[in-house]
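Colleague: I would like to see how this sequence folds:
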Amino acid sequence: MPHETTASYLTRLAHAYRQNLPQLLDALAIAVDAQGKSLATMPGAELHPNRAAQVRIAALARIPHPHLARALPRWEPVASTRPARPGSGHELPHITWQRTARHRQPPIAACPACVLHHTRGATRTAWAYTPDHQRLCTGHHTWPAGGEHSAILNVAALPELQRAQSVHRRLTRHQGADLAWSWAQTITTRWYDHQQHAAPRWRRRATALARANPEPGPTRGSWALLARPAVTYPETVTLARVLHHHRLLLTPDNHDGPRRHTHPAHAAFLHHTATQLGLPHLDPSHDDPLWTWIHHHTQTRPSTPSPRRTAFRTAPTHTGDTN
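Modeller: Modelled structure (predicted):
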């Protein structure tokens, strides 16, 4: 499976031999702690085999080791703490278990229809490190809920998600777009939680998703949380594109106080952003992440002027100013 986790792949490999994962690891004589054996199949878990374990797994799967190393994003050598013999320099096959990949993009459930196709009907469940700009399955109109939830949303009623993903893919080709995407996610999440700006259209999308999908159940969370990334996705992509392509010139701001919307560049940027989002106006509060982004980008001037032109004018500098 594209971007599949090692734990998900090993679980499917074990099922192919009509075994569970602990039985497979025991048969291969691969050491793993007891907790890792019992919990490795939980959603979001990950396994990190060392080099010796990788060789045995590749031999069992009858797939060349370099091919598996390219296919599994997190298949990285992990130093073993169990030498075969003291002073021999050889490692015993060993796997390190990790509950969640906190320092990286967490895995999400893959599209069940795609999993059935790739596994020839063997299973519907797989976990993968799917990038944000590939989260929507355009062929089956499904959207996976994030975190440790395996809920899959039917988003056929929201065709704007497919258009937004096309824009998102083009945006990822630009250097620095990841940072703009992170900021945009933070901003729209805040707006969604506080029912600000685009709240009416978000409520319409959430209602459409609720009609097309069963209740998530008490163990999976609420609709407000599970559907939030899909509901806000078009605006998040639009905002990320604005933040990346229409950044303010970094000019020093000598005014005190948390609100400085009277700056011509600020007003122009907020007006342009509101137009792109289809909003009548934008007036972020002092604790709004959008204003934090503006404040961050208007504090210092770069040592050398940027050769790129922007769509916004800034206050002219005085003659002889060398800053």
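
Colleague: so who does the residue sitting nearest the centre point of the chain touch?
Modeller: Centre of the chain computed as the mean C-alpha position; nearest residue by Cα atoms, centre = their mean is Asp132, 4.6 Å away. With contacts defined as Cβ atoms under 8 Å, 6 or more residues apart in numbering, Asp132 is in contact with 168, 181. C-beta here means a position set from N, CA and C on the backbone, and glycine is covered the same way.

Colleague: Kindly report the same for Leu279.
Modeller: Listed by Cβ under 8 Å, 6+ apart, the contact set of Leu279 reads 197-198.

Colleague: Which parts of the stretch 151-300 of the chain are helices?
Modeller: Secondary structure of the stretch 151-300 of the chain by DSSP state H, counting those that start in this stretch: the helices cover 160-171, 177-193, 199-212, 223-226, 228-245, 264-277, 289-296.

Colleague: between these, which one is nearest to Leu72?
Modeller: helix 177-193 (22.2 Å; Cβ to Cβ).

Colleague: Next one: the residue nearest to Val167 when sequence neighbours are not counted, what pLDDT does it get?
Modeller: Ranked by Cβ to Cβ, 6 or more residues apart in numbering and with sequence neighbours excluded, the top spatial neighbour of Val167 is Val237, at 5.3 Å. Val237 is assigned a predicted lDDT (pLDDT) of 97.

Colleague: Can you report how many residues lie near Val237?
Modeller: Counted with other Cβ atoms under 10 Å, the neighbours of Val237 add up to 26.

Colleague: ok, now how distant is it from His271?
Modeller: 20 Å (Cβ to Cβ, to the nearest Å).

Colleague: His197 too?
Modeller: Following Cβ to Cβ, the distance that separates His197 from His271 is 14 Å.

Colleague: Among the two, which residue is more densely surrounded?
Modeller: When His197 and His271 are compared on other Cβ under 10 Å, the one with more neighbours turns out to be His197, at 24 against 13.

Colleague: Let me see the backbone angles for that one.
Modeller: With angles defined as degrees, to the nearest 10, His197 shows backbone torsions of phi 60, psi -90.

Colleague: For it, give me its contacts.
Modeller: His197 neighbours (Cβ under 8 Å, 6+ apart): 191, 277, 279, 282.
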